[in-house]
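[1] Predicted model and sequence below, questions to follow.
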Amino acid sequence: MTTNTETPTDTATALPEDADQLSAKLRRAAVAALPPERLMPDRQPAYVASWIYVFGVLTLASLAVVILTGVVLAIFGPSWWHVSTVGLFVNSLHLWSVEVFFFAMVVHLWGKFFMAAWRGRRRATWITGVVSFVVSVGAAFTGYLSQQNFDSQWISTQAKDGINSTGAGAIFNVTNFGQMLMWHIVLLPLVVVLLVGVHVLLVRLRGVVPPFAPTDHTAKETGADQASPQKITVKGVPS
């Protein structure tokens with residue numbers, strides 16, 4: 001009697017007839033589309049060491065704080081963040097992180113715009129970043145409507161007529177606190193997180209956009225050879 005000591009993965013790999021299985025096809029497609037060496041690279045080009053990418057990472061960090069504080073606020077509810085001192089602090093921390101999120105995102109977005117970040121088959125990377133910003137504006141708007149104070153009441157009444165004039169008021173009722181709260185804590189955050197996740201994944205797959213090739217005038221001044229760009233890399237620099 002013999003004992004099969006092979007793992008299921010080893011057996012599937014060793015048997016040629018298993019290569020046509022759906023799980024094997026999906027595994028090969030996933031590895032081909034998302035190679036580990038691209039998702040977790042050891043080195044990055046030297047031009048990644050730029051402040052514009054620091055603002056991109058700062059956007060991700062502030063988004064994490066927004067989600068964390070938002071979960072706490074959703075658990076305890078409006079009465080807690082209006083009455084409790086701890087609730088007021090968490091609510092303020094949520095607002096501050098949103099402000100940092102938008103500031104860092106706008107700087108990163110404009111910086112990548114002037115760098116023409118859509119070059120080199122990176123259109124999807126650029127589009128997911130822009131759409132993330134637009135959806136985030138909607139998430140922030142519904143957040144202001146969910147404050148349950150005079151500020152949110154004033155914003156909702158001012159926005160009501162404009163939204164109703166477009167016909168969207170029949171579905172998107174800005175004076176309905178329950179509806180706006182659900183948009184703010186469920187629907188729009190899911191879209192933002194999904195878009196940001198796809199954006200980061202595309203950055204890993206496509207890489208960061210390289211600088212513009214030097215012009216003839218710049219090449220003469222710096223002595224750079226336009227035909228042979230530098231291949232310097234920096235170890236451990238995140239993209």
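    Sure, I can see it.
[2] Show me the longest helix that occurs in the chain.
    Longest helix in the chain, counting residues (DSSP state H): helix 85-114.
[3] counting contacts, what elements does it pack onto?
    In terms of contacts (3 or more Cβ pairs under 8 Å, 6 or more residues apart in numbering; DSSP states H and E), helix 85-114 is packed against helix 51-76, helix 78-83, helix 123-145. No exception for glycine: its C-beta is placed from N, CA and C like everyone else's.
[4] who's in contact with the shortest one?
    Going back to what we said before, that points to helix 78-83. 73, 87, 88, 90, 91, 146, 148, 149 (Cβ atoms under 8 Å, 6 or more residues apart in numbering).
[5] Domain parsing of this structure, as residue ranges.
    By the record's domain assignment, the chain is partitioned as 47-115, 119-205 (automatic domain parsing).
[6] Please, which helix or strand holds the spatially most central residue of the chain?
    The centre of the chain sits closest to residue 196, judged by Cα atoms, centre = their mean, with a distance of 1.9 Å. Residue 196 is part of helix 188-206, with elements assigned from DSSP states H and E.
[7] mind showing which ranges of the chain have poor pLDDT?
    1-14, 17, 216-239 (pLDDT under 70).
[8] at 90 what do you get?
    Counting by pLDDT under 90, the ranges of the chain that qualify are 1-51, 77-79, 81-82, 120-121, 148-149, 161-162, 167-170, 204-239.
[9] about what we covered before: as a markdown table, the helices and strands packed on helix 85-114 with distance to residue 200 would be great.
    Rendered in a markdown table, the data for those read as follows (distance: least, Cβ to Cβ, whole Å):
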| stretch | distance to residue 200 |
| --- | --- |
| helix 51-76 | 7 |
| helix 78-83 | 30 |
| helix 123-145 | 9 |
